[in-house]
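Participant: whatever this is, show me its structure:
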Amino acid sequence: MKILLWYRNDLRIHDHEALFKASEKTSDVIPVYIFDPRIFKEHHLEFPKTGELRHQFLIESVENLRQNLQKINSNLIVRTGFPEDIIPVLAKEIQADEVYTSEEVTQEEIDVDSEVETRLKADGRKMKLFWQSTLYHVDDLPMDVDNLPDIFTQFRNKVERNTKVRAVFKTPTNLVFKEKIDVGQDFILSLQNQSIDSILSVEKTAWKAVLCGGEDEGINRLNDYFWKKDLLKVYKETRNGMLGLDYSSKFSLWLANGCISPRYIYEEIKKYEAERTQNESTYWLIFELIWRDYFRFVAMKFGSKIFYKSGLKENPTQPSPKGRAIDIKSPPSRGGLGGVFPIFEKWRLGETGVPLIDANMKELLATGFMSNRGRQNVASFLVKDLQIDWRWGAAWFESQLIDYDVCSNWGNWLYVAGVGNDPRENRYFNILKQATNYDGKGEYVKYWLPELSGVPAEKIHLVGLLTNEEQKKFGVRLGVDYPNPIVDIKKWIKG
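Facilitator: Residues are numbered from 1 along each chain as shown. Next up is the predicted model:
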């Protein structure tokens, strides 16, 4: 018996059901990872679907997976190409009886799965799917996914009352990698060298040390955050921060690629509660994991509607049958502003003249990360203030975020745009109020926009209203050193 284990967004050896179940059948388990060129192609909006920082994090995660598989006497074959071409050929080459892999829920991935399964079946082989990306298993939900509540709170209440979190799977100890085959070691090394310059340029971040991908880094971060720094007990109080390393857990970086298991995090939380303290903060991290689950089940229920401009509302007006395709051939006009695309570019590059927005977008460009508070603000600004198709923002996040997860990313953008799982359709963020509440002294803004370092705290978030005399006094020239605002910022004073 021989099993080909196809790794995807599950780059770990701990709590890996497919790996564990394969090892129960045979010690002859052959892991493979495939870099699919479709996730690196240029987007319709003229930037790559996977940017350099996200790409590098993925490379590091795959390499660490190989190292950890080698520690348990296995190895990892790495290939580049279309999985539907590579998996059937590789399965035949090594004479695998079955192919095990994780189950995905969005259309592009499902289409690939179907094609792989069809080709394997034609060759007399089977493919088995395993659900292993969420805290709660889909088979344990107290409702069919088709009957998933449209409001998160209703979903959370039901699963917390009626569903238990399954125990983590043990890491196998019986594997033996016998194949005489090129595993692609040189390919990984060449990928690592390709984008090393861009990674070395990442200097302006207080948490540069955690920009490394891989299972080991994810577990190290958990140990550091929970056990060394004892920060879980204050998570709820600090989670809305924006500057620094430890205002939040940053687990999303490793969850996105499956480098760390949500069930493993859950077990560590329960251990922390037993050994240290149990409070609202320890629960709140579980709460966030349940939100992550919910977005995946929403994607499973609604399919490609999560990519429609009209979202989950009835009668979609702009369907995207291939999933995430966005048509920008005829962008909506914005009168004398020269069309919507230049305005989007100012948002994307952090050149809107609104300090809180620009600082967050600069951070995203430099590090591949942005706080949850920042994400809500820049999304609201794009959709509600600039009146730009929310899918453009979701696509930019897909390209740039190291912690990009298709379900959470598009689900959160649906939410902010008012076409998703939010009972408040007209949710709007007053950017001045947000800036005052979460960056009252302007420390975050000045960190990412040093050209505003001389502006006092009481003026920093309204820099676009500085008089000529004030500009000279504070050492900043609007339209030269820092852009004039592209919206009327006085409306936030009134609001």
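Participant: quick check: neighbours of the host helix or strand of residue 30 in the sheet, parallel or antiparallel?
Facilitator: Under the criterion of DSSP states H and E, residue 30 resides in strand 29-35. Paired neighbours of strand 29-35 in the sheet (DSSP bridges): strand 3-7 (parallel), strand 77-80 (parallel).
Participant: now residue 132: closest residue in space that isn't a chain neighbour?
Facilitator: Leaving aside its sequence neighbours, residue 132 sits nearest to residue 17 (CB to CB, 6 or more residues apart in numbering; 4.9 Å). Yep, even glycine has a C-beta here, placed from its N, CA and C like the rest.
Participant: which ones are touching the one you found?
Facilitator: Residues in contact with residue 17, defined by CB atoms under 8 Å, 6 or more residues apart in numbering, are 130-132, 169.
Participant: run the last query once more with 10 Å
Facilitator: Taking CB atoms under 10 Å, 6 or more residues apart in numbering, we find residue 17 in contact with 10, 100, 102, 130-132, 137, 166, 168-169, 261.
Participant: got JSON lines for the residues you listed, with distance to residue 478 and neighbour count too?
Facilitator: Output for the contacts of residue 17, formatted as JSON lines (distance: CB to CB, whole Å; neighbours: other CB atoms under 10 Å):
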{"residue": "10", "distance to residue 478": "49", "neighbour count": "24"}
{"residue": "100", "distance to residue 478": "59", "neighbour count": "24"}
{"residue": "102", "distance to residue 478": "51", "neighbour count": "21"}
{"residue": "130", "distance to residue 478": "56", "neighbour count": "19"}
{"residue": "131", "distance to residue 478": "53", "neighbour count": "17"}
{"residue": "132", "distance to residue 478": "52", "neighbour count": "23"}
{"residue": "137", "distance to residue 478": "55", "neighbour count": "16"}
{"residue": "166", "distance to residue 478": "57", "neighbour count": "16"}
{"residue": "168", "distance to residue 478": "55", "neighbour count": "18"}
{"residue": "169", "distance to residue 478": "58", "neighbour count": "21"}
{"residue": "261", "distance to residue 478": "49", "neighbour count": "26"}
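Participant: now, which of these lie within helices?
Facilitator: The members of the contacts of residue 17 all map outside helices under DSSP state H.
Participant: now, which of these lie within strands?
Facilitator: The strands, defined by DSSP state E, take in 100, 102, 130 from these.
Participant: just name the most buried of the strands paired with strand 29-35.
Facilitator: Neighbour counts (mean count of other CB atoms under 10 Å) averaged over each of the strands paired with strand 29-35 peak at strand 3-7, with a mean of 26.
Participant: mind checking pLDDT for residue 494?
Facilitator: Note for residue 494: predicted pLDDT of 76.
Participant: cool, and residue 44?
Facilitator: Per-residue pLDDT puts residue 44 at 71.
Participant: that one contacts residue 399, doesn't it?
Facilitator: No: using CB atoms under 10 Å as the test, residue 44 is too far from residue 399 to be in contact (11.6 Å).
Participant: tell me which element residue 433 is part of?
Facilitator: Using DSSP H and E, residue 433 falls in helix 431-438.
Participant: residues contacting that helix, please?
Facilitator: For helix 431-438, contacts defined as CB under 10 Å, 6+ apart pick out 240-243, 352, 354-357, 359, 371, 373-374, 376-378, 380-381, 384-385, 430, 442, 444-445, 457-458, 460-462, 487, 489-495.
Participant: roughly how far is it from the heart of the chain?
Facilitator: Distance of helix 431-438 from the chain centroid (CA atoms, centre = their mean, to the nearest Å) equals 25 Å.
Participant: tell me which residues of the next helix or strand along the chain from it are tucked away?
Facilitator: Following helix 431-438 in sequence order, the next helix or strand is helix 443-448 (DSSP H and E). Neighbour-count burial for helix 443-448, with 16 or more other CB atoms under 10 Å as criterion, is recorded at 444-448.
Participant: same question for stretch 230-243.
Facilitator: Neighbour counts over stretch 230-243 (16+ other CB under 10 Å) mark 231-233, 235-236, 239-243 as buried.
Participant: how about stretch 478-490?
Facilitator: Neighbour counts over stretch 478-490 (16+ other CB under 10 Å) mark 478, 482-483, 485-487, 489 as buried.
Participant: can I get the residues you listed in a markdown table including secondary structure?
Facilitator: Listed next are the buried residues of stretch 478-490 as a markdown table, based on DSSP: H, G, I helix; E, B strand; the rest coil:
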| residue | secondary structure |
| --- | --- |
| 478 | strand |
| 482 | strand |
| 483 | coil |
| 485 | coil |
| 486 | coil |
| 487 | coil |
| 489 | coil |
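Participant: in TSV, list the residues you listed along with distance to residue 311 and pLDDT.
Facilitator: Output for the buried residues of stretch 478-490, formatted as TSV (distance: CB to CB, whole Å; pLDDT from 0 to 100):
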residue	distance to residue 311	pLDDT
478	37	97
482	35	98
483	31	97
485	29	97
486	26	96
487	24	95
489	29	95
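Participant: can I get those in TSV including distance to residue 77?
Facilitator: Putting these into TSV (distance: CB to CB, whole Å) gives the following:
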residue	distance to residue 77
478	56
482	51
483	49
485	53
486	49
487	51
489	55
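Participant: related to what we said a few turns ago, nearest to residue 152, of the buried residues of helix 443-448?
Facilitator: Nearest to residue 152 among the buried residues of helix 443-448 is residue 444, at 28.0 Å by CB to CB.
Participant: residues in contact with that closest one?
Facilitator: Under the criterion of CB under 10 Å, 6+ apart, the neighbours of residue 444 are 241-244, 355-356, 359-360, 363, 371, 373-374, 435, 438, 460.
Participant: could you list the low-pLDDT ranges of the stretch 351-495 of the chain?
Facilitator: Scanning the stretch 351-495 of the chain for pLDDT under 70 picks out 422-425, 495.
Participant: returning to what we had before: quick one: which of the strands paired with strand 29-35 is nearest residue 92?
Facilitator: strand 3-7 (9.9 Å).
Participant: show me how far the closest one is from its chain's centre.
Facilitator: For strand 3-7, the separation from the chain centroid amounts to 24 Å (computed by CA atoms, centre = their mean).
Participant: ranges for the helices of the stretch 151-300 of the chain?
Facilitator: Here the stretch 151-300 of the chain has its helices, by DSSP state H, counting those that start in this stretch, at 152-162, 185-194, 196-200, 215-222, 235-238, 252-255, 262-275, 280-302.
Participant: then the stretch 301-450 of the chain?
Facilitator: So, for the stretch 301-450 of the chain - with DSSP H, counting those that start in this stretch - the helices run 340-348, 355-367, 372-380, 390-400, 406-417, 431-438, 443-448.
Participant: in CSV, list the ones you listed along with distance to residue 1.
Facilitator: Shown next, in CSV, are the helices of the stretch 301-450 of the chain (distance: least, CB to CB, whole Å):
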stretch, distance to residue 1
helix 340-348, 51
helix 355-367, 45
helix 372-380, 45
helix 390-400, 39
helix 406-417, 33
helix 431-438, 56
helix 443-448, 55
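Participant: looking at those helices, which is nearest to residue 294?
Facilitator: Residue 294 lies closest to helix 406-417 among those, at 7.8 Å (CB to CB).
Participant: output the below-cut-off pLDDT ranges for the stretch 151-300 of the chain.
Facilitator: Using pLDDT under 70, the flagged stretches of the stretch 151-300 of the chain are 186-210.
Participant: re earlier: and which of the ones in strands among the contacts of residue 17 is nearest residue 143?
Facilitator: Nearest to residue 143 out of the ones in strands among the contacts of residue 17 is residue 130 (CB to CB; 21.5 Å).
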